[in-house]
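**Student:** Need coordinates for the below:
(one chain, ligands or ions: 1)
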Amino acid sequence: MRKLATTFLLLLLGLTMQAQDFDKYFTNATLRLDYVFSGNRSRQFIAVDELCRLPRWDGKRQRLSEVPVEGNGQVIVRDHRSHEVIYRNSFSTLFQEWLSYDAAKTETRSFENVFLVPFPKDSVDITLELYNNRRTVMTSLTHTVDPNDILIRRIGSKPTPYQTLQQAADTTRCIHIAYIAEGYTKAEMPTFLADCRTAMEALFAHEPFKSLRPRFHVVAVKSPSQESGTSEPGKGIWKNTALHSNFDTFHSDRYLTTLHLKDLHNWLAGTPYEHIIVLVNTEKYGGGGILNSYNLSMTHHSYFKPVVVHEFGHSFGGLGDEYSYGNEQIPMYPHDVEPWEPNLTTLANFHGKWENLIEKGTPLPTPQPSDLDKPSADMSKWRVGAYEPAGYSEHGVYRAFPDCRMRTNANPEFCPACRKALVQLIDFYTK
Ligand SMILES: [Zn+2]
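**Tutor:** Below is the predicted model of the structure:
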């Protein structure tokens with residue numbers, strides 16, 4: 001009994017301390033940080049573009065200095081006087097992906113990046129860190145922000161029209177998802193809303209989202225485009241759309257992204273948002289997902305539902321791709337470095353990943369089941385292990401299960417390792 005009482009007291013104390021932390025350092029508003037990341041394979045730069053203030057904070061209010069996944073970069077907020085870390089979040093960027101391509105050896109490019117942090121009450125030092133594929137700091141920038149600076153632009157008082165699709169059970173402790181329209185004209189907004197509902201129901205048909213559905217608050221932001229569809233540079237088609245998205249990103253046909261992060265966040269300013277899902281009004285297959293930045297998916301292809309959920313696995317969960325590119329191997333994961341992605345391992349430091357899901361006696365690496373990729377596969381006989389290939393590599397990077405939403409569009413669900421990681425993440429944001 002005494003032990004129980006002590007635990008209860010500690011829990012109460014813990015909750016009180018967490019709540020005080022937010023109110024001690026932050027006010028219920030968002031500081032939007034716009035940066036330009038530029039450079040090439042050998043030199044990179046981070047520069048501050050603009051600072052904005054949004055009328056409300058929709059992110060986490062507890063565990064402020066922790067991150068659930070490491071990411072390819074982090075934004076770290078320190079109290080200017082005490083140097084204490086008072087907020088931290090992780091992210092990935094298209095800039096870092098571009099650096100992995102050969103073009104970055106000879107060309108220098110710049111990319112927009114936007115991050116949201118709670119609005120500080122007093123001066124803070126903000127550090128941006130970008131990591132290389134060996135998980136060490138590649139480049140960083142620290143700058144001081146005075147919250148009373150008159151040049152912090154106030155935006156979001158007249159938000160883009162939006163519709164609430166799902167109210168969270170507790171709106172003070174939930175995860176905010178915003179669907180945003182890309183390539184839908186004003187007249188096509190009913191189609192956008194129908195596509196949002198299809199995407200939302202697809203997500204909540206997957207565990208663990210299905211069981212934890214009341215912890216999500218979902219809105220649809222009706223950003224109108226001048227023209228319907230999206231740009232397809234490979235066919236010489238360029239459209240005037242709200243977010244200026246296009247296929248052929250980095251000359252990869254089906255890679256659909258937007259480089260216009262400031263436009264994206266300007267449309268969202270003032271709406272309740274943190275995790276962003278861009279729905280693109282096109283029949284052509286494509287999508288992309290970047291951790292804590294956004295994910296983007298086509299809506300009128302037959303694979304819309306699996307793709308929009310897969311991309312959310314990247315952008316929300318930090319899950320890695322569980323497939324390989326055959327001979328076109330991108331050396332994204334050096335085999336002697338453990339990836340931070342919770343569903344990939346090189347077995348360099350497997351501890352803490354999905355080892356507790358593996359039955360005793362299962363060989364590591366684990367041989368593929370003979371019925372893998374057959375429509376008649378008996379998934380109930382599959383077991384958790386460490387399977388090649390994964391993480392774009394034929395060898396040396398492993399996934400947990402024969403198939404998963406992060407591996408193929410045919411598989412109906414997330415594998416046990418992905419489900420475990422997603423539960424931990426949802427708990428991190430909402431418990
Ligand atoms: Zn998985």
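**Student:** any idea how far the residue most central in space within the chain lies from the ion?
**Tutor:** With distances taken as C-alpha atoms, centre = their mean, Ser315 lies nearest the centre of the chain, 2.1 Å away. The spacing between Ser315 and the ion, counted by C-beta to the ion, to the nearest Å, is 15 Å. For every residue, glycine as well, the C-beta is placed using N, CA and C.
**Student:** My guess is that residue contacts Ile276. True?
**Tutor:** Yes. Using C-beta atoms under 8 Å, Ser315 is in contact with Ile276, at 7.5 Å.
**Student:** Name the residues contacting each of these two.
**Tutor:** Taking C-beta atoms under 8 Å, 6 or more residues apart in numbering as the criterion, Ser315 and Ile276 both touch Ser293, Tyr294, Asn295.
**Student:** so the residue in the stretch 101-250 of the chain that the ion sits nearest to, which of the three states?
**Tutor:** Closest approach between the stretch 101-250 of the chain and the ion, counting by C-beta to the ion: His206, at 11.2 Å. Here His206 is recorded as coil under DSSP: H, G, I helix; E, B strand; the rest coil.
**Student:** residues near it, how many?
**Tutor:** 20 (other C-beta atoms under 10 Å).
**Student:** contacting residues for Phe115?
**Tutor:** For Phe115, the contacting residues are Arg32, Leu33, Tyr35, Val75, Asn89, Phe91, Leu128, by C-beta under 8 Å, 6+ apart.
**Student:** where's it relative to His143, distance?
**Tutor:** 13 Å (C-beta to C-beta, to the nearest Å).
**Student:** ok, the residue of the stretch 101-250 of the chain closest to the ion - contacts?
**Tutor:** Val309, Arg405, Glu413, Phe414.
**Student:** for Lys284, same thing?
**Tutor:** For Lys284, the contacting residues are Thr230, Glu232, Phe247, Arg254, Leu256, Met298, His301, by C-beta under 8 Å, 6+ apart.
**Student:** from the residues you listed, which two are the most distant?
**Tutor:** The distance between the two most remote of the contacts of Lys284 (C-beta to C-beta) is 13.4 Å, for Glu232 and His301.
**Student:** which one of those two has more residues nearby?
**Tutor:** When Glu232 and His301 are compared for neighbours, Glu232 comes out ahead with 18 against 15, by other C-beta under 10 Å.
**Student:** Pretty sure that one sits against Asp253.
**Tutor:** No. Look at Glu232 against Asp253 with C-beta under 8 Å: they stay out of range, at 9.2 Å.
**Student:** Now do the shared contacts for those two.
**Tutor:** Phe247.
**Student:** So the closest residue to the ion within the stretch 1-150 of the chain, which state does it fall into?
**Tutor:** In the stretch 1-150 of the chain, the residue that lies nearest the ion is Val69 (14.2 Å; C-beta to the ion). For Val69, the assignment made with three-state DSSP gives coil.
**Student:** and it, how many residues sit next to it?
**Tutor:** With other C-beta under 10 Å as criterion, Val69 counts 19.
**Student:** try Leu193
**Tutor:** 17.
**Student:** Over to Leu151?
**Tutor:** 7.
**Student:** mind listing what Phe37 touches?
**Tutor:** Neighbours of Phe37 in contact, by C-beta under 8 Å, 6+ apart: Gln44, Phe45, Ile46, Thr93, Phe95, Ser110, Phe111, Asn113, Leu130.
**Student:** Relative to Arg383, how far out is it?
**Tutor:** Remark: distance between Phe37 and Arg383 (C-beta to C-beta) = 42 Å.
**Student:** ok, now Pro224?
**Tutor:** From Pro224 to Arg383 the distance is 50 Å (C-beta to C-beta).
**Student:** got it, and Cys52?
**Tutor:** 50 Å.
**Student:** what do you get for Gly396?
**Tutor:** To Arg383, Gly396 is 21 Å away according to C-beta to C-beta.
**Student:** do Pro190 as well
**Tutor:** Distance, Pro190 to Arg383, using C-beta to C-beta: 46 Å.
**Student:** Give me the more crowded residue out of these two.
**Tutor:** Using other C-beta under 10 Å, the more surrounded residue of Pro190 and Arg383 is Arg383, with 15 against 9.
**Student:** so that one makes contact with Leu357?
**Tutor:** No. Assessed by C-beta under 8 Å, Arg383 is found out of contact with Leu357, at 9.2 Å.
**Student:** Report whether stretch 208-224 contacts the ion.
**Tutor:** No. Judged by C-beta under 5 Å from the ion, stretch 208-224 and the ion are separated, with a smallest distance of 12.2 Å.
**Student:** Tabulate the CA atom coordinates of that stretch in PDB.
**Tutor:** The C-alpha trace of stretch 208-224 is given here as PDB (Å, rounded to 0.1, in the frame of the first residue of the first chain):
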ATOM      1  CA  PRO A 208      -2.400   1.300 -33.400                       C
ATOM      2  CA  PHE A 209      -4.200   4.300 -34.800                       C
ATOM      3  CA  LYS A 210      -7.500   2.400 -34.700                       C
ATOM      4  CA  SER A 211      -7.400   1.800 -30.900                       C
ATOM      5  CA  LEU A 212      -6.000   5.200 -30.100                       C
ATOM      6  CA  ARG A 213      -8.200   7.200 -32.400                       C
ATOM      7  CA  PRO A 214      -9.700   9.500 -29.700                       C
ATOM      8  CA  ARG A 215      -6.300  10.900 -29.100                       C
ATOM      9  CA  PHE A 216      -6.200  12.600 -32.500                       C
ATOM     10  CA  HIS A 217      -7.700  15.900 -33.500                       C
ATOM     11  CA  VAL A 218      -8.200  16.200 -37.300                       C
ATOM     12  CA  VAL A 219      -9.000  19.200 -39.500                       C
ATOM     13  CA  ALA A 220      -9.200  19.700 -43.300                       C
ATOM     14  CA  VAL A 221      -7.700  23.100 -44.500                       C
ATOM     15  CA  LYS A 222      -9.400  24.300 -47.700                       C
ATOM     16  CA  SER A 223      -6.500  26.000 -49.500                       C
ATOM     17  CA  PRO A 224      -7.700  26.700 -53.100                       C
END
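**Student:** Since that was my last question, I'll sign off now.
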